[in-house]
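**Q** Fold the following and give me the result.
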Amino acid sequence: MKKYTGEIIFSIIGVICGIIAYFVILNSILVDKDVKETPIAITNTPTSLPTPTSIPTPTSVSTPEVIDYNSIPGVTEGQSYTDTLVADGSRNILIIGEDKVAGLYDTIGILSMDEEGKTAKIIMIPRDMYVNYNKKVVHYLETVGRSKDPSFYKINAAYNIGIKMKYEGKFTASSINFLADIVKEVFRIEINDYIKVNTEGFRQIVDLFGGVDIDVPYEMNYDDPFQGLSIHLKKGRQHLNGGQAEGFVRYRQGYDENKVFRSLGDLERKRNQIAFIKAFLNQKMTLGNITKLPGLIKTLNKNMKTSIDAGDVLVSYMGTLKDLALGKYKIESATITGKNSSINGSYSYIVGQIEGITN
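**A** Residues are numbered from 1 along each chain as shown. Now for the predicted structure:
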């Protein structure tokens, strides 16, 4: 009886535990179902949503343009003189007078020989002519700290830029190559040869040819001890030796016959220089003097640099010089017109059409 009673009690306890376990499991199932299926109550109060994190937009960093300055052709930026100065097929000689002190190009001219038209034309370029350089040259001036210096944009300082840039061309002198390309681009004149002479060489040439007769248009009085320049010429026709001729072609300011100081400017000086070259050619280009030219070039070697050697005179130029001596050539001159202007606080002479600068 006790055995059965214990079994009955054990059975009853097992049933109770089973019932408890059933309800525990059932409750667990119901809780999970409520969580999953009970809809979220919607109210009229807007739910505050979290503010999205702002992601910064990457800044677009522009890559600086890399310019191959050496690939830029030429030296000027669209500067062009409108008039045609020389005939097609002319032989053009660049003539340069070098300043005694600073080495600047005090005189820049072109002697153009047109064999077909039998014309010798003298063209003088204003020494203060503004040159509108292209990006290649301006970049170079920036590298040497001269891009803001207005004096470097005048043609008489071109030699300095050409030398420093080691500018290449048909001649051995970088300075001449640079200047020749400026002349070609602005005036459309191809330079075939050049003659560069300093002040001592100029005096020497005039004296070797026995001086020049010329009309002095006004009294010239000017002294510059720094340059060793002393000019004292009376008005009227007279015979000038080398030293006097130098004063005549370089005079641009001084005292007149009334002791009044006058500044004549570079254009007036160009007129005097043209008058002198005409007088020299008319008086000294004789057959006798032409035969002396090869020896003269050797004599002037110290004070004159040229692309024309003795052989060139005999081969390339002798026929033209003989015709010139025989009076078969007309001697003309051309004046380059422009406008006086101030660029970056410095006087300049504007020649040709330049974008942004009216002429």
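
**Q** CA only for contacts and neighbour counts going forward, please
**A** Fine.

**Q** Tell me where the chain has strands.
**A** 91-98, 105-114, 119-125, 193-198, 212-216, 220-224, 229-233, 236-240, 253-255, 261-263, 304-306, 330-335, 339-343, 346-350 (DSSP state E).

**Q** Give me the angle between the first one and strand 193-198.
**A** Okay, so that is strand 91-98. Interaxial angle, strand 91-98 versus strand 193-198 (axes from the mean of the first three to the mean of the last three CA atoms, to 10 degrees): 20 degrees.

**Q** Let's test this: mean pLDDT of strand 91-98, rounded?
**A** Mean per-residue pLDDT for strand 91-98: 93.

**Q** just checking, what packs against it?
**A** strand 105-114, strand 193-198 (3 or more CA pairs under 8 Å, 6 or more residues apart in numbering; DSSP states H and E).

**Q** most tightly surrounded among the ones you listed?
**A** strand 105-114 (a mean of 23; mean count of other CA atoms under 10 Å).

**Q** so what strands line up beside that strand?
**A** Strand pairing for strand 105-114, determined by DSSP bridges: strand 91-98 (antiparallel), strand 119-125 (antiparallel).

**Q** Nearest approach to I176 belongs to which of the ones you listed?
**A** Closest to I176 of these is strand 91-98 (CA to CA; 8.9 Å).

**Q** can you tell which of the strands of the chain is closest to G288?
**A** Going by CA to CA, the one of the strands of the chain nearest G288 is strand 212-216, 16.3 Å.

**Q** out of the helices and strands packed on strand 91-98, which comes closest to T172?
**A** strand 193-198 (11.2 Å).

**Q** ok now that closest one, how far from the chain's centre?
**A** 22 Å (CA atoms, centre = their mean, to the nearest Å).

**Q** For that strand, list the C-alpha coordinates in PDB.
**A** Extracted in PDB, the C-alpha atoms of strand 193-198 (Å, rounded to 0.1, in the frame of the first residue of the first chain):
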ATOM      1  CA  ASP A 193      73.500  90.100 -91.000                       C
ATOM      2  CA  TYR A 194      74.400  92.400 -88.200                       C
ATOM      3  CA  ILE A 195      77.000  95.000 -87.300                       C
ATOM      4  CA  LYS A 196      77.400  96.100 -83.600                       C
ATOM      5  CA  VAL A 197      79.800  98.900 -82.900                       C
ATOM      6  CA  ASN A 198      80.700 100.700 -79.700                       C
END
